Structures are given as structure tokens and as C-alpha cells.
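Engineer: Model the structure of this input:
(2 chains)
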Amino acid sequence: MADIMTVDSLEKRYGSVQAVDKISFGIPEGVCFGLLGPNGAGKTTTIEMMEGITDPTGGQILFRGKPIEASFKKKVGIQFQHTALPEFITVKETLQMFSAFYPHPRPIPELIRLCSLDDILGRDNQKLSGGQKQRMLLALAIIPRPEIVFLDEPTTGLDPQARRNFWDLVRGIKAEGTTVVLTTHYMDEAEVLCDVVAIMDHGKLLELDTPEALLKKHFQGALIRLPGREIQAENLDVTMKQLLADGTDLTGLSIHKPDLEDLFILLTGSTLRA
Amino acid sequence: MKAFTALVKARTMEFVRDTGSFAWALLFPIIMIIGFAFAFSGNSNDLFKVGVLGPGDADLGFLKTPQTQFITYQPPVDEKALLEKLRQHELDALIDTSTKTYWINNQGRNSKIIVLLMDKQDGSKAYTRMAVSGAPIRYVDRLVPGVIAMNLMFGCLFGVGYVLIRYRKNGVLKRMKATPVSALTFITAQGVSRFFIVLVTSVFVYFGTNLFLGFRMEGSYFDLLLLLSLGTVSMIALGLALASRFKNEELANGIINLITWPMMLFSGVFFSLEGTPGPLQAFSQALPLTHFIQAARAIMLDGAGLVQIAPDLLFLGIFTAGCLALAAWLFRWD
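Structural biologist: The predicted model follows:
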């Protein structure tokens, strides 16, 4: 599977601050690629350089093996983290306006169906709830039938139900063969949606692989937590019986399969700076 | 009481730290006062304005009253233009001391006094009286072009300039940057939309008020429409130039006020700048709105055609081109 986009020694410096510090990776076509990390890690900067919104101060970005051309914008879908929509215009009118920007836009009924927009078609942009707005922005992102879609923290600020609904939408898009590049600081989201994850912190790339491979690499077995202790148990049965035999105080015991959150804490030595 | 004090304190701090608003609140009244003082230095209550041609040392003491303002015109002198001013009651009398003639406006309200004073001179000091005729122009006839100009200015600067800055601040521009739409297409669309809105509202305001007030219109409506279009385009261009970089709405608001208020005061919207100090008149001539208003008045009150207002049209054209170039050069989506 060839890489649809590659990033090579990508750098972004703002004065003395190195927001993105020479990172390199490739995005295989058709996967959901997650860029993980806490706020300030450099995820948004990285994704905005890939989208063509921000210019890198070093390195290069290739689309299908070639530097990015003007036609790139017709083939990508972008959903920003903070976007305002034009005021006093309805959802449907906004879809119509954005459709006019592209040569072969997806038919509006299809957008409505894919993103569940029926109930808000006539609503003014300003009157949309958080979840409704994110669905709208996703619809705008997929108008050009993009080959690759960039979603920057698409579920931040949404309630759990809205987040899960959004995940269904993303799965639907991926099922069409669109490559999805997602940034998030929600580890559960990354685990559910992403085929490959890249973990970033302080502008650097720490790890890149499938979630399963990463977890297998860094953890052996289940994670047992007791106040002040953390035990990785390859054989849960044996370890638990050992603890009981030792007469360990099991107050505050928690056992779970290691997840990306645990991985992140392990890699960066700090908790999530959400 | 504690809550009240806390709120007063917080709101005051908010205001002071918002440097844009704070600076404007201080600067604006200062500018107004200084501007007015300068504009009307020495002219508090003049009843009539007397234009004087000829040697400056001519003895016109007999005309001197606390209410007389003498305006001396240095050669080269455009007598026709000055007589026109007389016809339009911008001057109450015109005296040529070298030929010992003077002109008054038959329909002027101050002419009787002047005639009385002038006729008292006899013998070698006698002046020959000449008259022009021109219906007094109502204040509203002079005001209408000014008000339309003001409307134009506000409509374009806020409708194009401020809105673009707000779009930049809240991310609408950024979303546009992500589409294949070019900056040029986007900006032109904003301008064209505002052009139609302003044109239609101006026409509507004009004809709506015309029903009640019956404006004097000596010239052609087509010429006026053309002028209106050019005036609108020039204000849109100014709005675009302003909006090319700013991200801060409060600052934008302050800057737009800084531009609109002087233009309102010194473009001749509400009062004529005739007789104000030279530098102020020069400043006025540097403002696009002045040229729009001059040309509009020329069309409406003098029946001027496109040829006569060509210099004003040229100024507006060059101003527009300059602003558009600046806007194109400076524009950033973010």
C-alpha cells in the first residue's frame, strides 16, 4: 500500500519556539492515521502544514510522491478545530455555497444522509449546538469527495453520545476508501478509529505504529494498579494469586488492559495536559 | 456592596486595558476640539464673507465690522469660479479693488448691508456695483450629497472592512483558505456584494427623501449614478485596504473611526470649508469624500456634466487604484 502523503524532516519554528521538530512519517492510503498528543504537542501545527494552511520552516511534504500543487485543495477535505461559519446563513445554504467551490461536489442529499443533517437543514449556523456544528463541518470537509480528509480534534467539547455518533460518521467515510488523518488528545478515540497512530510531544515524534503493536511493545500483559504501585502482569492469574499470598492490601486495586493513555504516560512521564 | 465594587473595578480595568477603546475615548474629543478650533480660528460669528481681489493694502476699513470676514484671493484668480461661489451664497460679496468694482447676489440676504456700506463711498473712492443672481440654496440641498457620501463611507468601511476583519478573527477566512477559492475571487465577491447593497440603498434613500423634500437637481441622473458608483468603489477599496491584515476587531473599529470622523467633518458634509485655514483646506482636498461631495454638488446644484467633474473623478479613480493595489499586496487570509 503506497503512502498517499509523506512528511520528511518537517519543521516549524516560531521565533525561538520549535513547534514541530524535524518529524518524518508516511501515511498509507486508505487508513485512519492518528496524530496523538497533549495540547501544545505540535499536532495542529503539523496537520496545518500538511493541509497547506501554514508554511513549514523546514523539510518537505509530498502528496502521492510529488510536492503539493494547486490542485491539492480540490482533493482534500479539512475540518479545523475552531471555525466560525458565516452568520445568518442556514446549514443548507452553507452546503450549497461550499459546493460551488468545487468542480465535482458530492450531491447535497448524500451529504445530508452521510452526516445526519436532516433535522438542522434550515437552521442558522449561529444556532447549532456543538455536535451539530461538528457534523456540519464534517459535511463541508467531504463535499469534494476528497482522497484524504484532515480532522483536527473533531470531538473536543462534545458530550460522550455526540462523540460516538461522530465516530460512526468517520467510519462511514473511511469505508468509502478515503484516507483519514485525525488529531486528538482522546486516547479512546484513537483506539477506536485509528489504524496507525503517531504519538507526539513537544514537537517531536515519539512513536509510530498500530495501537496493538505499540501496546505490545511497551506493555506485558495486564496493568495492575495499587496505591503507589504499578505492576505489569504477563500472567494475571499467577500475579494475582501471588499478591493475595503475600497478604498485600488490595484496597484501591484496579486492573485493566493497557491502553494508549497508559502508553502515553509511560512515554512522556507525565499525565495528559488536556 | 462588595459585589458592586468588584464589578465596577473589573469593568473599569477591562476598559483601560482595551487600549483601542481607551485611546479612542481620549483622542476623539481632543481631535474634535482641536480640529474645530483650528478650522474656525477667529471666525466665531461672522455674518458675511467678503471675497477680496486686488492689492492687499486696499482700504476696506469701511466694511470692517465684527461680523465681516475678509477672504483675500491671491492671483492667479479664477473670477468665474468666485462669481459662482457668490451665486451659490458661499460668498456674500466680491470686491475687486483694482478695478473698483464689486459684486453682490441679488437674492442674497446680506447684500443690502453691503450695498449700503459700499454706496457711502463717493468720489474717487466710489465702487461700481455689479450683480449676480442665484437662488439661495437651501441647506438641505447642500446637505444631501454629503449625507449620501457619509452613508457610502460607513456602509463600505464597516460592511467590507470590519466584516473581513471579523471573518479573519473568527476563522471564517481560514476555512476559505482551505478551499480552492482564490483570495482574489473571495475579495472581489465581498466588494461586488457591498457595491450593490450600497448603490441600491443610496438610490432608495435619495428618492425616498426626494418625495418629501424635492431636491434641486440641475444635472443628469446618469452622471450622478456614475459618480455614485465610482464613489462606492473607492470606499470599498479603502475598506479592503484596511482589512488586508488586521485581526483585532476593536483595533479595526478604532481605526475606522479615526478615518471616518475626520472625513465627515472636513469633507464639507455639514459645513463649507470656505475661509478655513489653508492647511486644513489642503487636507480636505486629500480626502476622497471631499471630491465625491464636490462633484455631487456640482452636478446637483450647478448642472455640471462629466467634463466639469473630471478632476474629481480622476482623484477618485487614482485613490481606488491605489487602495486596491495596497489591498492586493498586503492581503493575508490569516
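Engineer: quick one, phi/psi of the residue in the stretch 101-250 of chain B that chain A sits nearest to?
Structural biologist: Closest contact between the stretch 101-250 of chain B and chain A, by C-beta to the nearest C-beta, is at B:Asn170 (3.7 Å). (Glycine included, C-beta is placed from N, CA and C.) B:Asn170 adopts backbone torsions of phi -90, psi 10, taken as degrees, to the nearest 10.
Engineer: same check, this time on A:Gly77
Structural biologist: Phi and psi for A:Gly77, reported as degrees, to the nearest 10, are phi -110, psi 140.
Engineer: So what's the residue count around the residue of the stretch 101-250 of chain B closest to chain A?
Structural biologist: Other residues lying near B:Asn170 total 18 when counted by other C-beta atoms under 10 Å in any protein chain shown.
Engineer: OK, contacts around the nearest residue to it once chain neighbours are set aside?
Structural biologist: Residue nearest to B:Asn170 in three dimensions, not counting chain neighbours: A:Ala84, with 3.7 Å by C-beta to C-beta, 6 or more residues apart in numbering or on different chains. Applying C-beta atoms under 8 Å, 6 or more residues apart in numbering or on different chains to A:Ala84 gives the contacts B:Tyr167, B:Asn170, B:Gly171, B:Val172.
Engineer: let's see it at 7 Å
Structural biologist: B:Asn170, B:Gly171, B:Val172 (C-beta atoms under 7 Å, 6 or more residues apart in numbering or on different chains).
Engineer: That one in helix, strand or coil?
Structural biologist: coil (DSSP: H, G, I helix; E, B strand; the rest coil).
Engineer: State the pLDDT value of it.
Structural biologist: On pLDDT, A:Ala84 comes in at 81.
Engineer: of all of chain A, which residue lies closest to chain B?
Structural biologist: Closest point on chain A to chain B, by C-beta to the nearest C-beta, is A:Ala84, at 3.7 Å.
Engineer: Backbone dihedrals for that residue, both of them.
Structural biologist: According to degrees, to the nearest 10, A:Ala84 has phi -100, psi 150.
Engineer: distance of it from A:Ala162?
Structural biologist: Distance, A:Ala84 to A:Ala162, using C-beta to C-beta, to the nearest Å: 19 Å.
Engineer: and the longest helix along chain A, which residues are buried?
Structural biologist: Longest helix in chain A by number of residues (criterion: DSSP state H): helix A:160-175. Within helix A:160-175, the residues that qualify as buried are A:Ala162, A:Arg163, A:Asn165, A:Phe166, A:Trp167, A:Leu169, A:Val170, A:Ile173, A:Lys174, counting by 16 or more other C-beta atoms under 10 Å in any protein chain shown.
Engineer: same check, this time on stretch A:28-48
Structural biologist: By 16+ other C-beta under 10 Å, the buried positions in stretch A:28-48 come out as A:29-38, A:41-48.
Engineer: With stretch A:225-240 instead?
Structural biologist: A:Leu226, A:Ala233, A:Thr239, A:Met240.
Engineer: just stretch A:101-110 next, same as before
Structural biologist: Neighbour-count burial for stretch A:101-110 [16+ other C-beta under 10 Å]: A:Phe101, A:Tyr102, A:Pro105, A:Arg106, A:Ile108.
Engineer: before we move on, what about stretch B:262-275?
Structural biologist: The neighbour-count check on stretch B:262-275 (16+ other C-beta under 10 Å) flags B:Pro262, B:Met263, B:Met264, B:Leu265, B:Phe266, B:Ser267, B:Gly268, B:Val269, B:Leu273, B:Gly275 as buried.
Engineer: from what I can see the fifth one touches B:Phe283, true?
Structural biologist: Yes. Taking contact to mean C-beta atoms under 7 Å, the distance of 6.3 Å between B:Phe266 and B:Phe283 places them in contact.
Engineer: low-scoring pLDDT stretches of the chain, where are they?
Structural biologist: Went with chain A since none was named. Applying pLDDT under 70 to chain A flags the ranges A:1, A:270-274.
Engineer: nope, chain B please
Structural biologist: Low-confidence segments of chain B (pLDDT under 70): B:19-21, B:24-25, B:28, B:32, B:35-47, B:56-58, B:124.
Engineer: Lovely, talk soon.
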